[in-house]
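Q: Sequence below, structure please.
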Amino acid sequence: MAASGDIFRSVCMSAAFRDNMNLLQSLCVGRVGYFAPSLRAFDDPQEEYQGLPTFSSFSDFCSALREDPAFDAQCVQCDRKHLRIALNQAAPHCYVCHAGCWESMSVLRGHSSAPLGVLVFGQVRAFDSLPDPERYARHRNARKLRALYRHLPSMSGESVQRWARVFSVVGGFIADSALQEIRQDGWARAVFNYVEANVNRPISLQEIARVSGKSRSFLTHNFSRRFGGSLRRYLNERRVARAKELLADGLSIKEVSSGMGFNDRYVFTKMFKKVAGVSPGKFARKK
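A: Numbering: from 1, shown residues only. Sure, this is the predicted structure:
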């Protein structure tokens, strides 16, 4: 049986889910993100959360903050702390993070009440200016941080809670609809499982056709509708996601490149940067 995090990842890959989340994002001043970690914490909430979630884009403020390894480590701990709280309550968990931003986490659950993923709303300004100015003064880009913080949208705690409740209900509906659609399309589920099991090597359209029981013509016309992009794009996204996990575990770029089935490290680096926006070396240094 697939882990709940893997199920939600397949939901996130659907075009319908992405399109609706983009619409949800356009309706508010804050950032709407989501993550579906392949972590034991989702199958056993009592276990320690072991890694970073995969968010949509951070705000410019948080991105700048995380450039500093010490601050990034604090962000990781903050994520872990609040995820554990969110997993153990039914209502959205709203809080001010260690950097002075309002955020909320809403756990999306399946019909069995098992957690599937987390919907995040936030990175809006909680204070008029950065909390604890002396602490931020030690940051190498302190002036830039202050300016970026002031440009964050400002919102009261009461407003954050109202938005979080709305996003929890709407996000749950979007995820549930996408999940039902995927379950009805057995071919899509078969493709998802096959890609996850063989992500460390190139996969041809012919293989996908055989596994899914569909013709190449059918896949050409329907793959993007279900997975939000072409087969090549989807495979590259999944390979980069797995490569990130391996880099975060401390493997070298050479080891990851070879393990992901790339004979040429340059080709791997080029593909990784195109998908992730940064080189594997820069990504590994941030970790």
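
Q: quick one: contacts for A243?
A: Shown in contact with A243 (CB atoms under 8 Å, 6 or more residues apart in numbering): V256, M260, F268, F272, P280. For glycine as for every other residue, the C-beta is placed from the backbone atoms N, C-alpha and C.

Q: Pick out whichever of these sits closest to R66.
A: Among these, P280 lies closest to R66 (CB to CB), at 17.3 Å.

Q: Next, H98: phi, psi?
A: For H98, the backbone dihedrals are phi -60, psi -20 (criterion: degrees, to the nearest 10).

Q: Would you mind confirming that it makes contact with A73?
A: No. Using CB atoms under 8 Å, H98 is not in contact with A73, being 10.8 Å away.

Q: ok, those two, which is more surrounded?
A: H98 (18 against 12; other CB atoms under 10 Å).

Q: Next one: that one relative to A147, how far apart?
A: 20 Å (CB to CB, to the nearest Å).

Q: got it, and V96?
A: Taking CB to CB, one finds V96 at 20 Å from A147.

Q: For the longest strand seen in the chain, name the packing helices and strands.
A: Longest strand in the chain, counting residues (DSSP state E): strand 115-125. Applying 3 or more CB pairs under 8 Å, 6 or more residues apart in numbering; DSSP states H and E, we find strand 115-125 packed against helix 4-12, strand 31-35, helix 69-87, strand 101-109, helix 157-184.

Q: which intervals of the stretch 51-200 of the chain have sub-threshold pLDDT?
A: Along the stretch 51-200 of the chain, segments meeting pLDDT under 70 span 51-58, 110-116, 133-140, 175, 177-185.

Q: try 50
A: Along the stretch 51-200 of the chain, the model assigns pLDDT under 50 to residues 51-55.
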